[in-house]
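S.K.: no FASTA, just this:
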């Protein structure tokens, strides 16, 4: 029976698909034990390389763990190999949502199979304090052409723990047709005069009255990255205070006011509840949303969807100050790597070398000044809305960017806050929910204060 | 009366199947149309929610770019090897626990039960260290092994084996058949439905495996299908069309295998009387 | 191979009586190559009782035992060890904290909430799934045109990667999604599904039942096929209606399969977390934060090794208690 069942599967699938013959041979042997043995041999035989390698930095194979789109690093690796033919770089591309989880789990068990990896900037302090990153201060000192804000965001305890590659910012997209139908004037794209959130609310409601399905959506609903600028704009701070930023500060008036406004956008039907972050972009793309708060990377999808849109600077609260999200990916070296020197060499090429920094293919904003200039020039050259976009991006980065707090407790903080944001969006009382989050934060952050 | 009942049964069966298949039908439809259409036809609900207006195969061609074929092949190799090894291991163990008589039998059965109470994902991190020390990182064997000793499968098979009357193997033994012979020639042939059930348990464990492959085999060469599908959700946007196309391909092989095995269900083993 | 396949094809025609002569005779006809060395097979069984079949049992059990110990039990024991230690910041030296992790867990309102949610979830979803699986099994056990295909379609959701199932339902549950669209067609108001504290757990139950009910049905269908049709005929002759036949023939004859599905489904639902992790992350207001999701977050998001290990042990202990109660309830003869 085992045999005839396995034979059935074999006929149906393996014979057509399998390239190796060992498994097939095993099945026809007949005896259960023989099958088991042969399969073991077959599988064992196919398990080839197991990462790592010897320490000589001039000849090494590096494993680079990241979560970027395929092809992002092809050019920069090729460029690096022209100068360093002895260093091979192998990528392990992990699904985006799983990068932090898998990297953290693997480093926790001291996996030598990771040489260098992409670090989500706000997690850097958490990783560095746990000993998951090598000190790269010598590279940081050579990086005179890299945006100092980005360099600072990748420092912890005065040391450079990763090298920044990109940054990000937030803008306000608007659907021209929907606003026109509602007789709402298009917002100014002058980087110096953003709308207020109050104006966006009113205009969005007007657009809805004139037929728009939704008035406003945030790109990354419920995520700290997206929502931090709201309390910051009212002077409420990042939500953490004290020594090492390990005390919760999410119940001050500014936080409550900002979150009350956030809750009201859903309560009033201006924004839709229950749309996952990855579906908000398509919603604007199909022309259902009047205003969309998102990053410059969304533009590509909107162009493709042929929606007629414009961009404006990121809004602020009335009477508040300007604030927009920033930060992106950096690359660091694992202390369990046996090829740390080679890994540093590659990171130096990718982040401090003007050629290397421009060879990384991405829709993100480069932090190396030469590459940033080229990025802006390329967008301005496209004309139309792209030129507008370049202007706004430049303005936001120089005037309103607010980094996420650099603290060892960021991961815990973010986890607690993202849940609170979701609950507030779904109808929990903002003040009460923030108070509950504050209590929870006190308990989860306690462990960092002992040290 | 009975004809009416018969057609009622067919209608009811079809309705139930329809309810279960509608989300999948929508997935297939969305794999065959541009992403914008998938979302623009969501509301109001109409026939166009379920039928693509603009037919495109571009979602499926995108799968080739992401090395999805290799991931599919990896999933197949891992799953088929798990099925063969796992059925062999679990059936022999179940046979020993159900039929053989030896001290400590209850304790070992209890251990098997405990083994399936343990959430595999929760112990994955310490297990990766063991596997790495054994050199099983980025290997097929590293992917296969956690799936082969399945407590549920042992539990299922043992229950079935226990239902086979002892007289049968007593007689066989008197006729000179050893325990291997009894296992091989009497128990296995009689246990087809239970073996299919155990196979299903082993299959689902591996076909759905996600977290473990991410931790133990992150190399592109050993990527499995569910991980390859998740790769279409990137930082700045999700390619729903490609994800749905990947899901359709991933479901296709189980669909064919399940259809094939329906034969064994309809070819009833009922009435053999061995189940006393 | 030839021996076994001929046995398999011959068997439907074989004599069906328990202990009937046909089977051993055929087995003998197939040759003795599998029998043990001379005479072993002929030893009277009574004489072996005391010593048992230990050497043979070891051979048969060794691989499964090894797999269970190395791949499940050992890492769990290691988790037990971890749970007595603390490494709040990852790789630095661990410190012995005794039962502190457990004390912290049981003082953590989040953890206590997850125990409550898990209990509610299990008490509702298990009976519902088992009843649905049984009903579907009876329905799809009958022979009519296309039944094989229909049965397959009902099982198919279990073959879709769970991440994709979650994406499908996340779109289905949208406020402007097809589920609300369908409700609207029959004049019912929109529901909030995952965004409502009152509806979220039910929505998760719907998703996991869509995935799992067909799977559990499969085991029950296999059992139904084993029931002797003569039993139904006899019951019908005695004047039993269809409900009585189900109650007094199907259910008792299906006892073993129902027991398996009860135990396996309960445990599977206890260990479930992927749909929750993807769809709600435990929200809103912690209403879907099942225990395994809480443990997953401790282990993989917060990197809290000790806390996750302690949580895992609590989960295993709960599972053990449930299984022991179930085995007791079902009677030792059939299952344990």
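M.R.: The structure has been received and is ready for your questions. Predicted model, so just to flag it, every value in this text is computed and none were measured.

S.K.: list the buried residues of stretch A:329-346.
M.R.: Neighbour counts using 16 or more other C-beta atoms under 10 Å in any protein chain shown place A:329-334, A:336-340, A:342-346 of stretch A:329-346 among the buried residues. C-beta coordinates here come from the backbone N, C-alpha and C atoms, glycine included.

S.K.: got it, and stretch A:171-183?
M.R.: For stretch A:171-183, by 16+ other C-beta under 10 Å, it's A:171-175, A:177-179, A:181-182.

S.K.: would you convert these into TSV that also reports secondary structure?
M.R.: Below are those laid out as TSV (DSSP: H, G, I helix; E, B strand; the rest coil):
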residue	secondary structure
A:171	strand
A:172	strand
A:173	strand
A:174	strand
A:175	strand
A:177	helix
A:178	helix
A:179	helix
A:181	helix
A:182	coil
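
S.K.: what's the neighbour count on residue 135?
M.R.: Here I'm looking at chain A. For residue A:135, the neighbour count with other C-beta atoms under 10 Å in any protein chain shown is 16.

S.K.: the intended chain is chain B.
M.R.: For residue B:135, using other C-beta under 10 Å, the count is 13.

S.K.: where does it fall, phi/psi-wise?
M.R.: phi 70, psi 30 (degrees, to the nearest 10).

S.K.: for residue A:322, same thing?
M.R.: phi -80, psi 140.

S.K.: any idea how far the nearest residue to residue B:262 once chain neighbours are set aside lies from residue C:210?
M.R.: The shortest distance from residue B:262 to any non-neighbouring residue, by C-beta to C-beta, 6 or more residues apart in numbering or on different chains, is to residue C:148 (3.6 Å). Residue C:148 is 20 Å from residue C:210, where distance means C-beta to C-beta, to the nearest Å.

S.K.: counting neighbours, go ahead and name the busier of those two.
M.R.: A direct count of neighbours by other C-beta under 10 Å for residue C:148 and residue C:210 places residue C:210 higher, at 23 against 18.

S.K.: hang on, the more buried one is in a helix, isn't it?
M.R.: Yes - counting by three-state DSSP, residue C:210 is part of a helix.

S.K.: mind listing what it touches?
M.R.: Residue C:210 makes contact with B:20, B:23, C:157, C:165, C:169 under the criterion C-beta atoms under 8 Å, 6 or more residues apart in numbering or on different chains.

S.K.: ok, those vs chain A, which is closest?
M.R.: residue C:169 (10.6 Å; C-beta to the nearest C-beta).

S.K.: now the contacts of residue C:210: which count as buried?
M.R.: Using 16+ other C-beta under 10 Å, the buried members of those are B:20, B:23, C:157, C:165, C:169.

S.K.: can you flag which of these belong to helices?
M.R.: Of the buried ones among the contacts of residue C:210, the ones assigned to helices by DSSP state H are B:20, B:23, C:165, C:169.

S.K.: on that earlier part again, between the buried residues of stretch A:329-346, which sits nearest chain B?
M.R.: residue A:329 (8.4 Å).

S.K.: I'd say that closest one and residue A:163 touch.
M.R.: No - using C-beta atoms under 8 Å, residue A:329 makes no contact with residue A:163, being 10.2 Å away.

S.K.: name the nearest residue to residue C:81, sequence neighbours excluded.
M.R.: Per C-beta to C-beta, 6+ apart, closest to residue C:81 is residue C:309, 8.0 Å.

S.K.: how close does that neighbour get to chain A?
M.R.: Counting by C-beta to the nearest C-beta, to the nearest Å, the gap from residue C:309 to chain A is 12 Å.

S.K.: do the same with residue B:212
M.R.: Remark: distance between residue B:212 and chain A (C-beta to the nearest C-beta) = 11 Å.

S.K.: count of residues packed around that residue?
M.R.: By other C-beta under 10 Å, 22 other residues sit near residue B:212.

S.K.: which strand or helix spans it?
M.R.: Assigned by DSSP states H and E, residue B:212 falls within helix B:211-216.

S.K.: in strands only, show me the buried residues of stretch A:329-346.
M.R.: Judged by DSSP state E, strands contain the following of those: A:329-333.

S.K.: who's in contact with the longest helix anywhere in chain A?
M.R.: Ranked by residue count and defined by DSSP H, the top helix of chain A is helix A:430-449. With C-beta under 8 Å, 6+ apart as the test, helix A:430-449 has contacts from A:129, A:244, A:246-248, A:250-251, A:255-256, A:259-260, A:262-263, A:407-409, A:412-413, A:416-417, A:419-420, A:423-424, C:88-89, C:108, C:110, C:302.

S.K.: buried residues, it. List them.
M.R.: Buried residues in helix A:430-449, counted by 16+ other C-beta under 10 Å: A:430-431, A:433-438, A:440-441, A:443-445, A:447-448.

S.K.: how about the nearest residue to residue C:244 once chain neighbours are set aside, what does it touch?
M.R.: Closest residue in space to residue C:244, ignoring its immediate chain neighbours: residue C:235 at 7.2 Å, by C-beta to C-beta, 6+ apart. By C-beta under 8 Å, 6+ apart, the contact set of residue C:235 is C:244-245, C:248-249.

S.K.: please, a PyMOL command that selects the buried ones among the residues you listed?
M.R.: The following PyMOL line selects those of those that are buried, judged by 16+ other C-beta under 10 Å:
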select buried, chain C and resi 245+249
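
S.K.: for chain A, state which of the contacts of residue C:235 is nearest.
M.R.: residue C:249 (27.4 Å).

S.K.: the closest one reaches residue C:232, doesn't it?
M.R.: Yes - at 5.9 Å, residue C:249 counts as touching residue C:232 under the criterion of C-beta under 8 Å.

S.K.: so how far is chain C from residue A:162?
M.R.: Separation of residue A:162 from chain C (C-beta to the nearest C-beta): 17 Å.

S.K.: tell me how many other residues crowd that residue.
M.R.: Residues near residue A:162, counting by other C-beta under 10 Å: 32.

S.K.: wait, isn't it in contact with residue A:124?
M.R.: Yes - assessed by C-beta under 8 Å, residue A:162 is found in contact with residue A:124 at 5.7 Å.

S.K.: what touches both of the two?
M.R.: Counting by C-beta under 8 Å, 6+ apart, the residues touching both residue A:162 and residue A:124 are A:133, A:154, A:330, A:332.

S.K.: show me the contacts for the last one.
M.R.: When you say that, I think you mean residue A:332. A:116-117, A:119, A:124, A:127, A:133-134, A:136, A:161-163, A:347.

S.K.: nearest to chain C among those residues?
M.R.: Nearest to chain C among these, with distances taken as C-beta to the nearest C-beta, is residue A:127, at 8.7 Å.

S.K.: and chain C, is the helix or strand encompassing the closest one touching that?
M.R.: Taking DSSP H and E as the definition, one finds residue A:127 inside helix A:124-129. Yes - Helix A:124-129 reaches chain C (C-beta under 8 Å from any C-beta of the partner chain) through residue A:129.

S.K.: now the stretch 51-200 of chain C against chain B: closest residue?
M.R.: Closest point on the stretch 51-200 of chain C to chain B, by C-beta to the nearest C-beta, is residue C:67, at 2.4 Å.

S.K.: tell me the contacts of that residue?
M.R.: Residue C:67 makes contact with B:89, B:145, B:148-149, according to C-beta under 8 Å, 6+ apart.

S.K.: pLDDT weak spots in the stretch 51-200 of chain C?
M.R.: Low-confidence segments of the stretch 51-200 of chain C (pLDDT under 70): C:51-52, C:88-93.
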